[in-house]
Every structure is written in C-alpha cells, then in structure tokens.
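[1] got a sequence here, can you build the structure:
(chains A, B and C)
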Amino acid sequence: MTTWMLRRLIQAAFVMLVMTVIVFIGVNVIGDPVEILISPEADQAERARAVAALGLDKPLWEQYWRFLSGALQGDLGRSFVFNEPALKLIAQRMPATLELAITAVLLSVILGIPLGLYAGLRPNSIGGRAIMGASILGFSLPTFWVGLMLIMVFAVQLGWLPSTGRGPTRELFGVQWSFLTWDGLRHMAMPALNLALGNIALVLRLTRAGVRENLPMDYVKFARAKGISPNRVVFVHVLKNILIPIVTVVGLEIGGLIAFAVVTESVFAWPGMGKLIIDSINVLDRPVIVAYLMMIVLLFVVINLIVDLLYTVLDPRVRLETKE
Amino acid sequence: MSDTTLEVQGLSTHFLTRAGVVRAVEDISFSVGRGRVLGLVGESGSGKSVTGFSVIGLVDPPGQIVRGKILFQGRDLTKLDERELQDLRGNRIAMIFQDPMMTLNPVLRIDTQMIETVLAHDNVSREEARQRSRDALGMVGIPSPDERLVSYPHQFSGGMRQRVAIAIALLHRPDLIIADEPTTALDVTIQAQILAEVQKLAREVGTALIWITHDLSVIAGLADDIAVMYAGRIVESGSVAEVLDRPMHPYTHGLIGSVPSRNARGTRLRQIPGMTPSMLNLGPGCAFRARCARADAACAADPPQSAPSAGRTLRCFHPQLEMTA
Amino acid sequence: MSATSHDAAPMPPKQETPFRRFVSEYSESPVAVASFVLVVLIVSIALLAPFISPQNPYDLAQLDIMDGRQPPGSKSLEGLTFWLGTDDQGRDMLSGIMYGLRISLGVGAGSAVIACVIGTALGLIAAFAGGKTDTGIMRLVDLQLSFPAILVALMILAFLGKGVMNVMLALVIVEWARFARTARSAALVEARREYMEAAQCLALPKWRLVFRHMLPNCMPPIIVIFTILVARSITLEATLSFLGLGVPITEPSLGLLIANGYQYMLSGKYWISFYPGIALLVTIMAINLVGDQMRDVLNPRLKR
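    Numbers count the residues shown, from 1 in each chain, chains lettered A, B, ... in the order given. Modelled structure (predicted):
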C-alpha cells in the first residue's frame, strides 16, 4: 500500500513537472516573454531593466530553473492589473469557484442517482424514457446557452432569482462563503445548476447503465431469495455496486467542473477564479494566467490522487490487490 | 402438519417474448415430503431452473406462471402477494444457486449479507443475528467463523463461497430448500463434501430438498425421488431406485447410458442423437420424438401422463422396458 | 440472432453492398433521417449564405444604425422585413445567423478534419509500430484526455491570442487524441483479421498494408467519432467565442452573436441572443443525432 502510494505521488509530481515545462514553453518560447511578463504599458527603458532583472538574457534552461524555483516558493509574478501577487489573487477567488463546483457535484449526485435509478428500474416507462431523452439534452446543450436561458426565464421573465453576482457572503474559517446566507443560496442556485447539468446527465446515465447491468445478476436474485425487502435489494445491494464507478467518475469530473466554471462564472458574473482568468486573458494579465494554469493543474493532480485512494477504499477487491 | 412439504400440480410457466411464447415449464406435477430429497434432472434448457424459480416466486418477466398450483404446506403460493412471498423466501423456503462466484454480493461483507437475512424475518438484536450467522457458518464446516464473518466474498474459494450460500439458506432452518445445481461449478472432491453435508442437514432438520442437476450420478447417491425433465415437461418420475434401475422413458435410458461410470471400461459412451429442440413456439406432440428411436406417428400427439406402477409417472406412448445393453 | 430472422428476410433484388445496407439500416429511425435532412439543410444554408441571405451583415453600407435592436417582424426604413429582429448595429439577425453558421461550421468541421487526419495517422502508427512508439503516443493521448477540453483550449488561446486560426489549432490539439485512441483500437482489432495476414504473406510494403488495406476497414468507428467531434468542436468554438477568446468580431460565429446579444437580454431584448442560440442548438442536436444513429448501425456489438 505504501509503495503504491509512493509510486502515485511520484507520478503526480512528474505530471506537475511536465506541466511547468509546457507552461514555461508556452510563455517563453511560443509567446514573447517580454510581452508576457512585462506590463504592456512599460516604456523602453523599463523593458530593458526588466529583461535584465528577469534574467531573460540568460540561457533557456537557467530561465526555466528560475521559473521553477519561483513556482516552488509560491512566486509566480505580480498581476499588472491588480498589482498583487498573482497567486494571492487566485487564492482569493478560489473559494467562490470551489463552492460552486462542490455544489454542482452535490447536485449531480442528489439529482442524477435517483433519476438514474428510476430510469434503470423502469426502463420502458414514460418517465424512464423522458429522463433518458432529457439526459441527451444535458450532454449536448452548450453550457453558456443553457445559462443564458436560465437567466432569461428565471431572472428576466419570472423574476424569481437574481440574474448575476454572488450576493452576500459570510465568513467561515476565514473564508467568505455564499451558502451560509439565504440570499447567497439564491444567487448560487442558477450557476450551480448550470454547471451541474452535464454531470447530472452523466451520473444519471452511469446509474441507469449500472442498474441495467446489475439487476440480472445472480447476486440480486439470491438477495431476493433471502427474503429481504425490495428496497434493501436496490438501495444496499445494487446501489453499493453501482456507486464504485460513479464515485470514481464524479471525483474525476470535479476537475472538469472547476475548469468549466470558467463558462458559468462568465455567464453569471460569479467572482471566482474562472472569471478572473477570462478577464486576465482579455487584458493580457499574463502572470495571473500562468498562476491560474499552474494552480488548476495542481488541483487536477491532487483530485486524481484522492479519487484513486477513494476507489481503493470503496472497492474491497481492489483493496486486497493493492495490499498484496 | 402433513408430511408433504410441497406439492406442485399442473404448473406451467411461460415466457411471453416478442418472438413468441416459450413454454419453459408445461403442466408439471410433483411433490416432496419432509426430510426427503427430490432430484430434478434434465439437460440445460429443460426447464428445471425455471421450475425452481417458480416455486420461490422469482420468475422474472417476461416469464410468468400461467397455470397450476404450488401448494406449500397446504398454501397455494401462486395466490400469495409479493409481500407474503417475501416473508416465506429465505425463511421457510430457501434457494441455493449454481455459481457460487456470482451469488454473493461482491462489495458487501459476509456478516452484512448474513445478518440482513436473519433480521429480514426475525425480530432479534443485531448481536443475536451475528451469533446465529456465526453458528451457521460453523455448521457448514467453515473454520474460524468469527474471522470469516468480516471477510468479503472474493477472499473465499468457490467451494467456501458455496458453503456460505448454504449457511445463509440454513439460517432460518427452512422447510424447503431448492438447490439449483449447487455443486456443478465446484471440484469433484468439494462436491462430495457438500453433498454429504447437505444430505445430513436435510435429514436432521427435516427439510425437504429439491436438488436440480443435470448429473445423474449426483442424484443416485443423494435423492430419494427423481423427476426427469425434457423440454419443459416431466417425462418420468418415481423413486430413485426404481427409475434408475428400471427406466421406461427412452430419454431416461439415454441419460443413464451416457453416464460414464455405468458403462464397462473400454466400451464407447453412448450419446443421445440430435439436439434439444428450440423451446420457442414448440408445437404439440412428444418433444423427444425427433431424437427417439422408438418414435412413430402416434408421438405427434401429446403423450398423456400414465402411472405404470405405484409412485411412478410416465409420459410416453412407447415405453422401453428392457435395459439397452 | 436466431436462425428464423435469416430465413424470414428475403434477399433484396439489388446486390447488397455494405453501403446500401448501411443506408437501409440507418433509415429505420425516422428521427435520424430527419436529422440527416436537417444537417444537409444547415450545411446548404451555410454554403449559400451570400446568395440567400436578405442582406450582407458585413457590408456597412447596407446597415443603418437607426434599425438597431428592432424586434422580430419589424420593417426597416427601406421596407426590408427583419424576421428575427436586428442587433445593436442594425444587422438583420437572420442574415447574421446564416453568415455565423458559415464560420461555426467551417471552424468546427475544418478542425475536426485536420484532427482526424493527424489523430488517425498517429493511432495507426501506434497500433502498427507497437512497443515504445505505441506507449509514447498513448501516454500523450492519456495525458491530453485527462484534462478537460476547455482548459486545454484556454491554455492555447492564452498563449497565442485569439483568431480563427488559433481557435482551429486549439480545437485540433483538443481532439486529435480521441481520433488516435479510436483509430488505434480499431486497428488492433483489424490487425488480427485474416485478410491482414494474407496481405502480410504477399510481402506488401508496410505503408501499403496500413493505409490501403487496414485503414478502410477502420473507417466506421472513425466516422462516428468524427460526426460527434464536429458537434463538440462547434460547441467548444461557440463557448470560446462567447467568452471573447475565439473568433474576432469581424468574423462573428454563432457563439459571438450570442455573446453580443447577452447584454441586451436583461432588458428584455431576447432575440439578439435567442435566435443564434436556437440555430446553434439545432445544428448541434442534428449532428449528434446523426452520429448516434450511425454509431448504433455501425457498432457490431449492437447488431441484431
């Protein structure tokens, strides 16, 4: 188990290293590093000074080394726009994004699993077919368009929910959260649903497929032959088997949700790091872009690691194999 | 309580598929007494498993019981609702399945799967339920049951898993156990152990046992009575000694002839020519006639059930009374 | 599967070619046929936009700022009817959508074609070379696929800036991996077939083996993936353009049209965003439905 953990950690570190190289190449080779690292408003003298200060006259490997050691110390440059460390900016915006992503994950599980169970247990019913039809829409509709429609219907036409923004927040563990106030929840409802839509469809389809696959299995019939209640057969025996792939997929999708929050945050003007990165790209605030990319890759690697661990905890068969 | 635990009368279970009706079980009757073992023999697809599932009320759609009575201790199971059946299942009637690798839920611990069975029918504490589960494991010969309770199915061998399944079936000391080829997937030595134990348990507890198998040699050593199924019908039944020593139906002759141990060394094993007919839209007449050397025009009609001697039944126009050498 | 179905189906009088069988099986679903007709229609509209659109939305001489933000059905000062309303510049939305479809379909299909060629070639090479080449290519594919498409596209556009070519490049980089994976697995299946052994026995050159004999047989899954990825590219391009990272304002795709109307939506002028959105939606759904049906028909596992 420990050697397995160690191997995964080394793998994760390696992926991080590869990503620093890619980002470094992106910034310094494909793009013009002077453009990227120095404010577009700087004059000629400032530029020359900055080039020397940043060591851009040094060979490439030495520059990479500086970039890497800076990154390891949490120094990824300062934002031109906000004149603050880029990493600090990202960190400030991160809770809003995480809050949105986690709510979306909860929504996709809370809505996706029951709908999938229903569609799986009654595949030929009208309800079951309707759910499957709707899930295709959930997959193929562009997120931003659904977001616009949500705003149009619930904010503009019906006036039930606020159209944009985060609403009032409250502090917990030194961080501002929306979900602690009623109005904050109202602000979060549409963006979270919007972000969750694709994942609801995904979880729903996985659940349905799992039910269809597991129901004809002998262990289900044996469980029924034991005289336990049909509810227990479905919610304990079948569901526990289905949950393993669902947890894996949902876990892996958290990273995707954080990435896709870029779209939702832009539509709903949600002040998370996704909105920050779009704004930064539009004003060419490149240190923030670099910091965001490094941060999100780190998040990805950490999430994948956690999901792998969780998977071994959940599935007793895998657990045994990794022990040996 | 009468001595007859289960009496099945004229049971028909059909599968109404899109392609047509499959008469998986057609007009079969048999009975099992307390502490007796009935061997239900036939090739795969002959309807023996469907018979078992019909008795315990677990025939999945599109299958359904279309005719007949299943009298369990005098109550007709076909008249019971799902809730009443659920109370009987695992409690008074238990079932053991063919493939032990598939019957236990792979992601639940053994204790979970056993305790839930106890609690489904008896209002006892979890602790007592665990105690009973442990005793049941001990009874089927699983060493250090305390340790084994907290294991997962994949940590057991096939034979051990089947013992666990049997232990679960025995938890409520059922009056009837339906065993659907429970030893087919196991090694021969483990097969013998399990056979012996099940037989002992049935005798001691007074449980009636329906043992479904395609293996005549298993039946010979285990069962009291035998019913031979072919294409959804019981073609011949009676006590094991009678039927195996003096078979009458040509199909039974064929089955016995194809058991290796019954043949002298060096002689060719005989096989029944032809193949099992497709059960889909099977027409009238003896289903075996296409493979039967004795068939003639009369066999195009359904052979009625006759009683050639006390306790025996037969469905054949041309019974074969002499043994084929 | 059963023998009866074979007997029941009479041989058609025409010679049964794989293509004919594909067409007849595809036509079994009316929805799929309707989707196909719709796709053809949409592509025609995009191709013929300059000839059939009521006005040229890029010709500033034809625009009148006084016609700005007119609701659907209103008439211009010159008597032209704006069936779908106008945007803030006084552009006819119907014309805008027709021209927008050109950009959206062009970028989506164009990038899918390039990604298909690159990805399929790499997939075949991986399958045929095996060993280190295979591992290397597939590692790259795995790494690529473990990051969401939007993130990869974002990264590329952040480095390169916006523009039609850059968006297409981003889409190609996002998509080649799926083609590579599909082509490789299809090729591995084909490589075990007898005709490949026969071709090898003839000592044909390796490139000929791969591209002349194997590739045509690998096409069905690749075509299916291609259809679905065209729809995905169009979605992704629209998303990027909506975010302001995609195509420039001089070449507005559907996504950019939607983005332009976004600010007016809150004041109830829904049509500027709504109709391009519907056009985008219908396009994506139609292509997806065609892809779904093709997958069902071409997937041997689902064959009855």
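[2] isn't C:R295 up against C:I222?
    No: using C-beta atoms under 8 Å, C:R295 makes no contact with C:I222, being 11.7 Å away. The C-beta positions use only the backbone N, C-alpha and C, and glycine is treated the same way.
[3] can you report how many residues neighbour the residue of the stretch 1-150 of chain B found nearest chain C?
    Closest contact between the stretch 1-150 of chain B and chain C, by C-beta to the nearest C-beta, is at B:A19 (6.9 Å). If you count neighbours by other C-beta atoms under 10 Å in any protein chain shown, B:A19 ends up with 11.
[4] check C:R232 too.
    Using other C-beta under 10 Å, C:R232 has 23 other residues around it.
[5] leaving out sequence neighbours, find the closest residue to residue 257.
    Chain wasn't specified; assuming chain A. Residue nearest to A:L257 in three dimensions, not counting chain neighbours: A:A101, with 4.3 Å by C-beta to C-beta, 6 or more residues apart in numbering or on different chains.
[6] chain C is the one I meant
    In this structure, C:L257 finds its nearest non-sequential neighbour in C:P276, 3.9 Å apart by C-beta to C-beta, 6+ apart.
[7] same deal with C:T250?
    C:Y58 (7.7 Å).
[8] may I have the secondary structure class of B:L201?
    Assigned with DSSP: H, G, I helix; E, B strand; the rest coil, B:L201 falls in the helix class.
[9] thinking again about what came up before, shared neighbours of C:R295 and C:I222, anything?
    Common neighbours of C:R295 and C:I222 are not found (criterion: C-beta atoms under 8 Å, 6 or more residues apart in numbering or on different chains).
[10] residue contacts, the residue of the stretch 101-250 of chain C found nearest chain B?
    The minimum distance from the stretch 101-250 of chain C to chain B, using C-beta to the nearest C-beta, falls at C:S146 (26.4 Å). With contacts defined as C-beta under 8 Å, 6+ apart, the neighbours of C:S146 are A:300, A:304.
[11] try the one 10 residues further on
    For C:I156, the contact set (C-beta under 8 Å, 6+ apart) comprises C:166, C:169-170, C:173.
[12] okay, it: pLDDT?
    Looking at C:I156, its pLDDT is 82.
[13] what helix or strand is it located in?
    Assigned by DSSP states H and E, C:I156 belongs to helix C:149-160.
[14] need the CA coordinates for that helix. CSV is fine.
    The C-alpha trace of helix C:149-160 is given here as CSV (Å, rounded to 0.1, in the frame of the first residue of the first chain):
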residue,chain,number,x,y,z
ALA,C,149,-11.1,20.3,-23.4
ILE,C,150,-12.0,23.8,-22.3
LEU,C,151,-8.9,24.0,-20.2
VAL,C,152,-6.5,22.9,-22.9
ALA,C,153,-8.2,25.3,-25.4
LEU,C,154,-8.0,28.1,-22.8
MET,C,155,-4.3,27.5,-22.3
ILE,C,156,-3.5,27.5,-26.0
LEU,C,157,-5.5,30.7,-26.6
ALA,C,158,-3.9,32.3,-23.6
PHE,C,159,-0.5,31.8,-25.1
LEU,C,160,-1.4,32.5,-28.8
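[15] one step back: from A:A196, how far out is the residue nearest to A:L257?
    Noted for A:A101: a distance of 9 Å to A:A196, by C-beta to C-beta, to the nearest Å.
[16] what does C:R178 give?
    24 Å.
[17] so between the two, which is more surrounded?
    A:A196 (27 against 23).
[18] residues touching the more buried one, list them.
    A:103-105, A:107-108, A:111, A:257.
[19] any low-confidence regions in the stretch 151-300 of chain B?
    Residue ranges of the stretch 151-300 of chain B with pLDDT under 70: B:185, B:260-270, B:281.
[20] picking up where we left off before, the residue nearest to A:L257 and B:I177, how far apart?
    53 Å.
[21] okay, these two: which has more neighbours?
    Between A:A101 and B:I177, counted using other C-beta under 10 Å, the more crowded position is A:A101 (26 against 23).
[22] mind listing what that one touches?
    By C-beta under 8 Å, 6+ apart, the contact set of A:A101 is A:195, A:254, A:257-258, A:261.
[23] now for these, which sits with the most neighbours around it?
    Comparing the contacts of A:A101 on neighbour count, A:L195 comes out first with 31 neighbours (neighbours: other C-beta under 10 Å).
[24] can I assume it is in contact with A:A261?
    Yes: A:L195 sits in contact with A:A261 when judged by C-beta under 8 Å, with a separation of 6.1 Å.
[25] find residues that contact each of those two.
    Contacts common to A:L195 and A:A261, judged by C-beta under 8 Å, 6+ apart, are A:100-101.
[26] buried sites along stretch A:157-166?
    By 16 or more other C-beta atoms under 10 Å in any protein chain shown, the buried positions in stretch A:157-166 come out as A:162-163, A:166.
[27] how much space between the closest residue to B:R315 other than its chain neighbours and chain C?
    Once flanking residues are discounted, B:R315 sits nearest to B:P303: 4.6 Å by C-beta to C-beta, 6+ apart. Per C-beta to the nearest C-beta, to the nearest Å, B:P303 is found 27 Å from chain C.
[28] who touches B:P303 in this structure?
    Shown in contact with B:P303 (C-beta under 8 Å, 6+ apart): B:286, B:315-317.
[29] nearest to chain A, of those?
    Nearest to chain A, judged by C-beta to the nearest C-beta, of the contacts of B:P303 is B:R315 at 30.1 Å.
[30] these two touch, right, that closest one and B:C286?
    Yes: B:R315 lies in contact with B:C286 (C-beta under 8 Å); the separation is 7.4 Å.
[31] burial count for residue 119?
    Let's take chain A. Residues lying near A:A119 (other C-beta under 10 Å) number 25.
[32] hmm, no, I was thinking of chain B.
    Neighbour count for B:L119, taken as other C-beta under 10 Å: 16.
[33] and chain A, which of its residues are near chain C?
    With C-beta under 8 Å from any C-beta of the partner chain as the criterion, chain A meets chain C at residues A:15, A:18, A:23, A:26-27, A:30-31, A:136-137, A:140-145, A:148-149, A:151-152, A:155-156, A:163, A:255-256, A:259-260, A:262-263, A:266-267, A:277-278, A:281-282, A:286, A:289, A:293, A:296, A:300, A:304.
[34] the same query, at a cut-off of 6 Å, please.
    Contact residues, chain A versus chain C (C-beta under 6 Å from any C-beta of the partner chain): A:26, A:30-31, A:140, A:142, A:144-145, A:148, A:152, A:256, A:259-260, A:263, A:266, A:278, A:281-282, A:289, A:293.
[35] you'd agree A:E265 is in a helix?
    Yes: using three-state DSSP, the assignment for A:E265 is a helix.
[36] at the geometric centre of chain A, which residue sits there?
    By C-alpha atoms, centre = their mean, chain A has its centre lying nearest to A:I258, at 2.6 Å.
[37] picking that back up, looking at the contacts of C:I156, which are in helices?
    Among the contacts of C:I156, the members falling in helices are C:166, C:169-170, C:173 (criterion: DSSP state H).
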